[in-house]
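Peer 1: Turn this into a model:
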Amino acid sequence: MKKKLSYREKLIELAYIYDVKEIKEYVKSRKNLTSGQLELILKKNKITIPKDYKSNFFKDNFVKPVLKAKSNLIEFKENQIKAKNRLFRKAENLKHDTKRNINRSLLSAWTGLGKVGLNFLNIIPQLGKVVYAFFGDLFTNIFNAIYNQQIDPKKARNVIIGFFVIVFATSITISAFNYFGDGESIKKVEVKKPEVKKPEVKKEVKKPEVKKEVKKPELKVKRKDVNEVVLPNLNLKTETVLNLFKDVDYTLSNVRVEKLVKPIYFTQFPRDLESIQSTKLKKETFIQIVLPLVVAENERILEDREKLKLLTNKKFTTDLEKQWLRQKLLEYKVKKGDLKELMTRMDIIPTSIALAQAAKESGWGTSRFALEGNAIYGQWTWSGQGIAPLERDSNKNHKILKFPILRASVKAYKNNLNTHKSYKAFRDKRLQLREKNKKIKGLELTETLKNYAQTGSEYTKILNQIITQNRLSDFEPVKLVGSVKQIELSS
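Peer 2: The predicted model follows:
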């Protein structure tokens, strides 16, 4: 086997081939010349060094290791891709197997129900025959007995007299029962009156305001089949609220599936809401209280928006329609009768944003402002009735605006976002979504609410976190459910 020569040895061999005496003498004298020196002597003797002498050394020491490392890397990458594909195939197979097993189970259950139904249908004719035969024999025996029996005149007379006596006594009993029953119902109504007046003694100023706020949405809702459950200021406890939700089958899981919420309007939060040990239950109870109020206000705004679209397309408007337009221009603070600007401002606030801000500003319904002043969104005031913050700076005189009922707070909050100059970016982004025929979603608009709190962008991050963690986006398409009966709750 031929020994593999080094580059230096190849240069020496080349010198022997071309009989370079200088290199031979150096080799005989056992002087070690370097590769560079050998190259200079060969070039001086006009001997061309073959290219493969250098290329082999470079390939052996640099190119081949790099290529080998590269091939190893490619092989490793391919193995990873293969492993990844095998994992995907296993997951896909598991998915199909699970789906196939579920379908097979549903099919077998459906087949079993069909067999049970067929067996039941097969039993019905036999059961009918048995019932028909029984009653046929029964009536035949009765009529035969009547026909064969001899009637005694005295006994017949006594039976007839007894029958009329029973009818007379029954009539008197029913009349007396109806008479005294009406009297008792009157007494019950009279007893309920002082119970309703009890909260008026405690909050004489708030009672008429509550009635006004409750009547407003009832007048504006045009659907006759809507069932509004209005909870008065009765200082309800959380246990009572939870029992009410249970009685009317009001759960957030049902709302997420059906996209419908019952119109139950609370006028205030339960004062012992903070006593709930479970954080999840406390948050769900808060959402159940606030959600119908937010949805109701959004539907009111959408009704006004549809009416505004109709009026803008009409050539002539009546006096009542003009009066309605003037009222809305004042409500949304639009100057110079600009109907285009009114259409921009008259729009909904995404339910997820309304719920998230309510939770953040009210401490999930447990803050002092929420309990004492129904202030869900922490709006400031310098002239209206309000509650002074405990940690307010001495050089400031603002207060937290208080409301007679919770729904008034929700309405004022939506009017604030739709009119204040600080939230113009919010309204412009919402208008862009409308023009692109996209859905108005909360997570796409939270970044425009930096001016709502002094913390700015940090505040919007908290809103996004609340929306995401509590799945508030599920409530975006929720609407009010309609029902027939009207429920009234007393203390």
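Peer 1: CA-only coordinates of stretch 345-359 in PDB, if you can.
Peer 2: Output of stretch 345-359 as PDB, limited to C-alpha atoms (Å, rounded to 0.1, in the frame of the first residue of the first chain):
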ATOM      1  CA  ARG A 345     -70.100  58.900  18.100                       C
ATOM      2  CA  MET A 346     -73.400  57.000  18.300                       C
ATOM      3  CA  ASP A 347     -72.000  53.500  18.500                       C
ATOM      4  CA  ILE A 348     -71.500  50.700  20.900                       C
ATOM      5  CA  ILE A 349     -68.700  50.100  23.400                       C
ATOM      6  CA  PRO A 350     -67.400  46.500  23.100                       C
ATOM      7  CA  THR A 351     -68.800  44.400  25.900                       C
ATOM      8  CA  SER A 352     -65.400  43.000  26.800                       C
ATOM      9  CA  ILE A 353     -63.900  46.500  27.300                       C
ATOM     10  CA  ALA A 354     -66.900  47.600  29.400                       C
ATOM     11  CA  LEU A 355     -66.700  44.600  31.600                       C
ATOM     12  CA  ALA A 356     -62.900  44.800  32.000                       C
ATOM     13  CA  GLN A 357     -62.900  48.500  32.900                       C
ATOM     14  CA  ALA A 358     -65.800  48.000  35.300                       C
ATOM     15  CA  ALA A 359     -63.800  45.200  37.000                       C
END
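Peer 1: Could I get the average pLDDT for that stretch?
Peer 2: For stretch 345-359, mean pLDDT is 95.
Peer 1: Flag every buried residue along it.
Peer 2: 345-359 (16 or more other CB atoms under 10 Å). (Each C-beta comes from the backbone N, C-alpha and C, glycine too.)
Peer 1: what's the answer for stretch 363-372, then?
Peer 2: Neighbour-count burial for stretch 363-372, counted by 16+ other CB under 10 Å, picks out 363-367, 369-371.
Peer 1: Distance across that stretch, terminal residue to terminal residue?
Peer 2: Taking CA to CA, to the nearest Å as the measure, stretch 363-372 stretches 13 Å from start to finish.
Peer 1: just stretch 342-351 next, same as before
Peer 2: By CA to CA, the extent of stretch 342-351 from end to end equals 21 Å.
Peer 1: What score does L73 have for pLDDT?
Peer 2: For L73, the predicted pLDDT is 87.
Peer 1: in the stretch 201-350 of the chain, what spans have low per-residue confidence?
Peer 2: 201-234 (pLDDT under 70).
Peer 1: Repeat the analysis, applying 80 as the threshold.
Peer 2: Where the stretch 201-350 of the chain drops to pLDDT under 80, the residues are 201-236.
Peer 1: Now do the strands in it.
Peer 2: 229-231, 260-261, 264-266 (DSSP state E, counting those that start in this stretch).
Peer 1: Relative to the whole chain's centre, how far out is the shortest one?
Peer 2: By that I understand strand 260-261. Using CA atoms, centre = their mean, to the nearest Å, the mean C-alpha position of strand 260-261 is found 11 Å from that of the whole chain.
Peer 1: Show residues contacting it.
Peer 2: 250, 255, 291-292, 295, 475, 478-481 (CB atoms under 8 Å, 6 or more residues apart in numbering).
Peer 1: Equivalent analysis for stretch 356-364, please.
Peer 2: The contact list for stretch 356-364, computed with CB under 8 Å, 6+ apart, reads 273, 282-283, 286-287, 290, 294, 367, 369-370, 375-378, 410, 413, 442, 446, 449, 452, 459, 462-463, 466-467, 470, 472.
Peer 1: Which members of the contacts of strand 260-261 are the farthest-apart pair?
Peer 2: Greatest spatial distance in those: Y250 and K479, 14.8 Å, computed using CB to CB.
Peer 1: The two: which is more packed in?
Peer 2: Shown here are Y250 and K479; by other CB atoms under 10 Å, Y250 has more neighbours (18 against 14).
Peer 1: And the closest residue in space to that one that isn't next to it in sequence, how close does it get to P292?
Peer 2: Closest residue to Y250 apart from its sequence neighbours, by CB to CB, 6 or more residues apart in numbering: K262 at 5.2 Å. Going from K262 to P292 by CB to CB, to the nearest Å gives 7 Å.
Peer 1: okay, these two: which has more neighbours?
Peer 2: Per other CB under 10 Å, whichever of K262 and P292 has more neighbours is P292, with 24 against 21.
Peer 1: quick one, what contacts that one?
Peer 2: 261-265, 480.
Peer 1: how about a cut-off of 6 Å?
Peer 2: P292 makes contact with 261, 263-264, according to CB atoms under 6 Å, 6 or more residues apart in numbering.
Peer 1: what do you get for Y26?
Peer 2: L33.
Peer 1: With Y413 instead?
Peer 2: Y377.
Peer 1: rerun at 10 Å
Peer 2: 294, 297, 349, 354, 357-358, 361, 375-379, 401, 403 (CB atoms under 10 Å, 6 or more residues apart in numbering).
Peer 1: cool, and N45?
Peer 2: Counting by CB under 10 Å, 6+ apart, N45 has contacts 15, 18-23.
Peer 1: Using PyMOL, define a selection of the buried residues within those.
Peer 2: Buried residues among the contacts of N45 (16+ other CB under 10 Å), as a PyMOL selection:
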select buried, resi 15+20+23
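Peer 1: and the residue nearest to E258 when sequence neighbours are not counted, how many residues sit next to it?
Peer 2: Sequence neighbours aside, V481 is the residue nearest to E258 in space, at 7.9 Å (criterion: CB to CB, 6+ apart). The tally of other residues near V481 (other CB under 10 Å) stands at 18.
Peer 1: I'd say V481 and D249 touch.
Peer 2: No - judged on CB atoms under 10 Å, V481 makes no contact with D249 at a distance of 11.1 Å.
Peer 1: overlap in contacts of those two?
Peer 2: Common neighbours of V481 and D249 (CB under 10 Å, 6+ apart) are K262.
Peer 1: and the longest helix for the chain?
Peer 2: When the chain is scanned for its longest helix (criterion: DSSP state H), the result is helix 64-148.
Peer 1: Contacts made by the helix or strand that contains E458 with the rest, please.
Peer 2: Secondary structure from DSSP states H and E places E458 in helix 457-469. Residues outside helix 457-469 that contact it (CB under 10 Å, 6+ apart) are 283, 350, 352-353, 355-360, 364, 441-443, 445-453, 455, 472-473, 475.
Peer 1: May I see the buried residues of it?
Peer 2: So for helix 457-469, counting by 16+ other CB under 10 Å, buried means 459-460, 462-463, 466-467.
Peer 1: And the furthest pair within these?
Peer 2: Across the buried residues of helix 457-469 (CB to CB), the longest gap, 12.9 Å, separates Y459 and I467.
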